[in-house]
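**Q** Return a 3D structure for these sequence lines:
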Amino acid sequence: MLVRPRIVLSAWLLLPFLLFATVASAQQLEAQVETDLRTLPIDKQQKLREFADRVMHYINSYRWTDDPWRTKVMLQVQLILEDRSTNAEDRYAGQILIHNNYDLQFFDKRWSYTYMIENNLQHQENGLDSFTSVVDFYIYLILGGEFDKWSTLGGQVYFEKAKSIAEQAKFGMGRFIEGWDRRLDLVNYLLGDRHRPYREMVDYYFYGLSFIREDNARARQHCATAISMLDKIITNDPENEYAKKFVDAHYMEMVEIFRRANNKDPLRTLMVIDPGHAQIYRDILNN
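**A** Model prediction:
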């Protein structure tokens, strides 16, 4: 499997939407965690006032991959907690929103767990925990999506790790089993044949972006292929949420890639598959 250097795209503030690439390094996961404790009793809010910091340390202090490039992945994690405690333990119902500030996002509201303030959050490679197993599951899904950008199906190992967690949890989480059936369905879909064309499209697109600075023609060639693949995906499945979110996240990048190209057919394709931004494409095509 050919692995290429990680490319991060940024916008030059003086020239909006002008893309440039920089090689990323340093800590692989850099998470910011926010908690919403407003529905909790005041005493629980006080007990959990450092909970966000603990979760952030749990994520940021762990090496999640063996990636030699030490690719930086930025994460935003939002946790909403509701009290479901009993006389025997502190128990919560929770919602989690996790995303990479770019093009990957997962939301889950079917989650219950126990958490005792005196217990530290610990990583368990082959164990289950009602709180950390859900966090681990979604981090591996994000990593799977990120590493699919590196190489063809490059995120496979991380999707497989998420699947292993879900399979164990579905039958071994006991009273905290809520939501694990859907999580297993989700990761099975991401690993399945129906989703494979999308994953291959992502690889083509980001491979094209890796040439932005040095070879515009080659960049456009691969990105045009990715847009053709997107067209086929959406034609076969007009409600494909992953394809739609991808276009929403990347349409302005695509516009800048093809704005000055002689062949603007990819923009014509985008005008069909992304009618919400059709006027943007039309303005460029008419100039």
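
**Q** C-alpha from now on. contacts and neighbour counts both.
**A** Will do.

**Q** Tell me where the model's unsure across this protein.
**A** Scanning the chain for pLDDT under 70 picks out the ranges 1-27.

**Q** which residues in it form strands?
**A** Per DSSP state E, the chain carries strands over the ranges 7-11, 19-23, 29-36, 73-83, 91-99, 105-114.

**Q** How is this structure divided into domains?
**A** Domain assignment for the chain by automatic domain parsing gives 7-191, 211-286.

**Q** Number of residues surrounding Leu141?
**A** Other residues near Leu141 number 25, with proximity taken as other CA atoms under 10 Å.

**Q** Can you pull up the most central residue in the chain?
**A** Leu104 (2.8 Å; CA atoms, centre = their mean).

**Q** I figured it hits Ile142, correct?
**A** Yes - counting by CA atoms under 8 Å, Ile142 is a contact partner of Leu104 at 6.6 Å.

**Q** now Leu186: how far from Glu239?
**A** 16 Å (CA to CA, to the nearest Å).

**Q** neighbour count winner among those two?
**A** Using other CA under 10 Å as the criterion, Leu186 and Glu239 rank with Leu186 on top: 16 against 11.

**Q** would you turn the strands of the chain into a markdown table with distance to Ser228 and mean neighbour count?
**A** A markdown table is the format used below for the strands of the chain (distance: least, CA to CA, whole Å; neighbours: other CA atoms under 10 Å):
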| stretch | distance to Ser228 | mean neighbour count |
| --- | --- | --- |
| strand 7-11 | 22 | 16 |
| strand 19-23 | 22 | 15 |
| strand 29-36 | 32 | 18 |
| strand 73-83 | 28 | 19 |
| strand 91-99 | 26 | 19 |
| strand 105-114 | 24 | 17 |
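
**Q** okay if I get those as a markdown table plus distance to Lys170?
**A** Output for the strands of the chain, formatted as a markdown table (distance: least, CA to CA, whole Å):
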| stretch | distance to Lys170 |
| --- | --- |
| strand 7-11 | 36 |
| strand 19-23 | 39 |
| strand 29-36 | 26 |
| strand 73-83 | 22 |
| strand 91-99 | 17 |
| strand 105-114 | 13 |
